[in-house]
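K.L.:
Starting from these lines, generate the structure:
(chains A and B)
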Amino acid sequence: MSQRPPDFPPVIVHEPTFLDSLVSTKKVIVCCGAGGVGKTTTSAALGVAAAARGRKVLVLTIDPARRLAEAMGIPEAARTPSPVPREKLTELGIPANGELWAWMLRPEVVFESMVRGLSDSEERTQTILQNRLYKHLSQIVAGMQEYTAAEALYRLSTEGNYDLVVLDTPPSRNALEFLEAPRKLSMFLDERVIGVFLPKKRGAFWAAASSLIDNVFTRIFGDGFYQELQQFLGAFSGMFGGMRSHAEAVRTLLTSDEATFVLVTSPEPSALAEASFFQSKIKELELPFAGYVLNRSWAYTRGFGAPSAITLGDSVDPALHTALPKLQVLAAEETARAKRDRGLLLDLRAQTGKDAAIATPHLGGAIEDLRGLAALAQNLVKLEPDGT
Amino acid sequence: MKSLLSLRAILVTGKGGVGKTTITAALAQTFAAMGKRTLAAEMTADGISTSALGAALGVEGLSETPIDVRENLRATLLAPTLGHKKFLEDVLPMKLLADAAMRSAAIRRFLMAAPTFPEMGVLYRLLDLVRQTRSDGDWEHEMIVVDLPATGHALALAQIPSSLLRIIQVGPIANAVKEGLAFLLDPDKAGAVIVTLPETLPVSEAIELAAGIREHQIPLRHAFLNRVPNDPFTSDEHRALAELMASLPPTMGVRTVDRIARADVARARFATGVKTSVTELPDTLHAGPDLTMHIAQTFAQTLAQENVSPVGEHEARR
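P.N.:
Model prediction:
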């Protein structure tokens, strides 16, 4: 079943969608949603769409499907973003001023650059990087991916190398941790928390509080490790201000009108529940919400023929006489799913209050190459067949 | 599936969107119906939950203390706070000090935000739940089914202890973590199951996950292939249809035929790659608690075919 007429999948977007102005104007698009809904693929397709509009785009992705990484030409272990080769972009009809870059986020690289950037001396940098605890940092720090995604977003969007950064958020159950990461880190780095670990002068109040804390932590960690931890945090102490100000800057950027959040979901009830939960969270955090992309849906049947319309000649394979009625049963099931998914799409549109939801056509299996991404892009924004 | 019955805890792993939560709920319902006192637990290291497990069981809002769902079945959130509290109580010489420590905003924040401590709290809480006994000396929860978070780090619970042990080698935390690890690695007590879908990438990811689970020496006991499409065609019909469709424009029903073909390939890859027993679950249009019930029925049938009486050994013993 691999052979297909060239017009598959059908292009269903013939008018600008809510995503059109976003890919042309925004500096940051954050794609959020439950795991397994096609977030990475949607992020990459939005990147293709923006490049087709002549913009310089970076798709920042976390743990992409390996073959998608290969398709986009992202080396798995790269320390910096890589460009998709020009000839591949030309094949897709992307104009000369359009660029597509991609980077598979590596927490340890981001963290190391942050240390280098914030450290006041090479000596301090080395003290931190050589610390025994630092070497285990990325293995043990839960939320490290989320924190570094925020840090990378800060760096890449403030350096001014890209017109647009599309962020594929880390696969987290609530897709919340990414938003919470800077706050959580600020919380951890709060002097009132960190301060108690650091050997320094204290007032009477601090003395009382910290003797309790010293007592508790020495018992919990054992004396040796507690001292090691104090040294480690001590080495960082001059940097907390910088880390907090990055966290604040990310927050400011994400609440500004240069950024927008797109929620990606599938028709699965659990994914929908999570998306709607996330929409309320976005509202609560006063972040700019763009709308929904409903992936893996069967909503669109336009352009598909009915098996009942197929007439079999006399000389056909006899197996077709039994196969076609069975195909009709499957077609009826697809029609039922289409009806259900169109209902879902209307619900999502109503939920945004501004009709901002779009369903992508079911593209069969997983998208594994740039062509597939370009096909998906054509179903997200209005693009001419040559890509412009 | 029979081999799951002798365990005290089952860790349900898999990527997001594969039906992990529903299968957790269905496993718990199946065991409960067999007369085992069962606890279904949703792990949440950050204390936040969408209560997907509650939804799959048809109850609203889970909390950190188990609530009754039906006879023999309870459900809870497996969150760090109670684990931290228990840990501090066990480690610190006076309950007074533990209470003061938990009341201290600085310590609480540290425990929630510091590397691995949320996971350690979850692990400690799990151990506590496993060890709780009733007044007659029997286990409070004979079986605990844990829905692990759908992050890239499905192995977090297993990975964290061994990483943590490299960093903190001695002291109370190290001891607690060693205990937790010993439990997770004991093939008589704990085991992992994998859930995935019969599609190319989910199967690749599940095979990688299986390798990861083995690497951490956690016993992998079983796998579930969820939402397997029904194949109504003979191989002759498949071939004839493929030939016909190659010359026609897109036709309704064909995407499902393609899906069936992909599922066949994926099933074969999964069977050889995952190296454990696999139960297949059919694709249905059911959702929510209804879906959980249907899957639980499938499990009961599977166990019956494996000659496990529906009442179960436990009930028979009484």
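K.L.:
where does residue A:100 fall, phi/psi-wise?
P.N.:
Note on residue A:100: backbone dihedrals following degrees, to the nearest 10 are phi -130, psi 120.
K.L.:
Can you give me the distance of it to residue A:376?
P.N.:
Distance of residue A:100 to residue A:376, computed by C-beta to C-beta, to the nearest Å: 14 Å. From N, CA and C alone the C-beta is placed, and that goes for glycine too.
K.L.:
who's more crowded, these two?
P.N.:
More neighbours surround residue A:100 than the other of residue A:100 and residue A:376, with 28 against 24 (other C-beta atoms under 10 Å in any protein chain shown).
K.L.:
Helices of the stretch 1-150 of chain B, start to end?
P.N.:
B:20-33, B:52-57, B:80-91, B:95-103, B:105-113, B:117-131 (DSSP state H, counting those that start in this stretch).
K.L.:
middle-most residue in chain A, spatially?
P.N.:
Centroid-nearest residue in chain A, with C-alpha atoms, centre = their mean: residue A:168, separated by 1.1 Å.
K.L.:
What's opposite that residue in the beta bridge?
P.N.:
Beta bridges link residue A:168 to residue A:31 when assigned by DSSP bridges.
K.L.:
Which element, helix or strand, includes residue B:273?
P.N.:
If you go by DSSP states H and E, residue B:273 is part of helix B:254-274.
K.L.:
so how many other residues sit close to the residue nearest to residue B:10 when sequence neighbours are not counted?
P.N.:
Nearest residue to residue B:10, sequence neighbours excluded (C-beta to C-beta, 6 or more residues apart in numbering or on different chains): residue B:145, at 4.9 Å. When neighbours are counted by other C-beta under 10 Å, residue B:145 registers 28.
K.L.:
Please name the residues that touch residue B:145.
P.N.:
Going by C-beta atoms under 8 Å, 6 or more residues apart in numbering or on different chains, residue B:145 touches B:9, B:10, B:12, B:24, B:27, B:28, B:31, B:38, B:39, B:40, B:41.
K.L.:
Now do the same for residue 312: its pLDDT.
P.N.:
By default, I'm working from chain A. Note on residue A:312: pLDDT of 83.
K.L.:
look at chain B instead
P.N.:
pLDDT, read off for residue B:312, is 48.
K.L.:
Now do the same contact list for the closest residue to chain A within the stretch 101-250 of chain B.
P.N.:
The minimum distance from the stretch 101-250 of chain B to chain A, using C-beta to the nearest C-beta, falls at residue B:171 (2.8 Å). By C-beta under 8 Å, 6+ apart, the contact set of residue B:171 is A:220, A:221, A:222, A:224, A:225.
K.L.:
what sits against the second one?
P.N.:
If you count contacts by C-beta under 8 Å, 6+ apart, residue A:221 has them with A:229, B:168, B:171, B:172, B:173.
K.L.:
and if we set it to 10 Å?
P.N.:
Residue A:221 makes contact with A:227, A:228, A:229, B:91, B:168, B:170, B:171, B:172, B:173, B:174, according to C-beta atoms under 10 Å, 6 or more residues apart in numbering or on different chains.
K.L.:
Now, of those residues, which are buried?
P.N.:
Listed as buried from the contacts of residue A:221 are A:228, A:229, B:91, B:168, B:171, B:172, B:173, B:174; burial here means 16 or more other C-beta atoms under 10 Å in any protein chain shown.
K.L.:
Turn the helices of the stretch 1-150 of chain B into CSV, columns for distance to residue A:126 and mean pLDDT.
P.N.:
Output for the helices of the stretch 1-150 of chain B, formatted as CSV (distance: least, C-beta to C-beta, whole Å; pLDDT from 0 to 100):
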stretch, distance to residue A:126, mean pLDDT
helix B:20-33, 44, 96
helix B:52-57, 46, 90
helix B:80-91, 34, 84
helix B:95-103, 35, 73
helix B:105-113, 26, 65
helix B:117-131, 27, 87
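K.L.:
In a markdown table: these, plus distance to chain A.
P.N.:
Below are those laid out as a markdown table (distance: least, C-beta to the nearest C-beta, whole Å):
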| stretch | distance to chain A |
| --- | --- |
| helix B:20-33 | 7 |
| helix B:52-57 | 5 |
| helix B:80-91 | 6 |
| helix B:95-103 | 5 |
| helix B:105-113 | 4 |
| helix B:117-131 | 6 |
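K.L.:
Out of those helices, which is closest to residue A:153?
P.N.:
helix B:105-113 (20.2 Å; C-beta to C-beta).
K.L.:
looking at the chain, which helix or strand is least sure?
P.N.:
Picking chain A for this. The helix or strand of chain A with the lowest confidence, counting by mean pLDDT, DSSP states H and E, is helix A:191-194 at a mean of 56.
K.L.:
How about chain B?
P.N.:
Using mean pLDDT, DSSP H and E, the lowest element in chain B is helix B:312-317, with a mean of 46.
K.L.:
Now do the helices in the stretch 151-300 of chain B.
P.N.:
B:156-167, B:172-185, B:200-215, B:235-245, B:254-274, B:288-305.
K.L.:
Return the most buried member of those.
P.N.:
helix B:156-167 (a mean of 21; mean count of other C-beta atoms under 10 Å in any protein chain shown).
K.L.:
Quick check: neighbours shared by residue A:100 and residue A:376?
P.N.:
Here residue A:100 and residue A:376 have A:44, A:48 as joint contacts, going by C-beta under 10 Å, 6+ apart.
K.L.:
any idea which helix or strand carries the residue in chain A that chain B sits nearest to?
P.N.:
For chain A and chain B, the shortest gap (C-beta to the nearest C-beta) falls at residue A:35, measuring 1.9 Å. Using DSSP H and E, residue A:35 is not contained in any helix or strand.
K.L.:
Now it. Nearest residue, chain neighbours left out?
P.N.:
Take residue A:35 and drop its neighbours on the chain: the residue closest to it by C-beta to C-beta, 6+ apart is residue B:16, 1.9 Å away.
K.L.:
Now do residue A:242, the pLDDT please.
P.N.:
For residue A:242, the predicted pLDDT is 79.
K.L.:
Give the helix, strand or coil label for it.
P.N.:
helix (DSSP: H, G, I helix; E, B strand; the rest coil).
K.L.:
list the contacts for it?
P.N.:
A:114, A:115, A:117, A:118, A:119, A:120, A:189.
K.L.:
quick one: which two of those residues are the most distant?
P.N.:
A:120 and A:189 (16.8 Å).
K.L.:
neighbour count winner among those two?
P.N.:
Legend: neighbour count by other C-beta under 10 Å for residue A:120 and residue A:189, higher for residue A:189 (20 against 10).
K.L.:
Secondary structure element for residue A:97, which one?
P.N.:
For residue A:97, there is no host helix or strand (DSSP H and E).
K.L.:
name the helices or strands packed onto the biggest strand by length in chain B?
P.N.:
The longest strand of chain B (DSSP state E) is strand B:220-228. Strand B:220-228 sits against strand B:9-13, helix B:20-33, strand B:190-196, helix B:200-215, helix B:254-274, strand B:278-282, helix B:288-305, with contacts defined as 3 or more C-beta pairs under 10 Å, 6 or more residues apart in numbering or on different chains; DSSP states H and E.
K.L.:
Redo the helices of the stretch 151-300 of chain B as CSV? Include mean pLDDT.
P.N.:
CSV is the format used below for the helices of the stretch 151-300 of chain B (pLDDT from 0 to 100):
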stretch, mean pLDDT
helix B:156-167, 68
helix B:172-185, 85
helix B:200-215, 86
helix B:235-245, 93
helix B:254-274, 92
helix B:288-305, 93
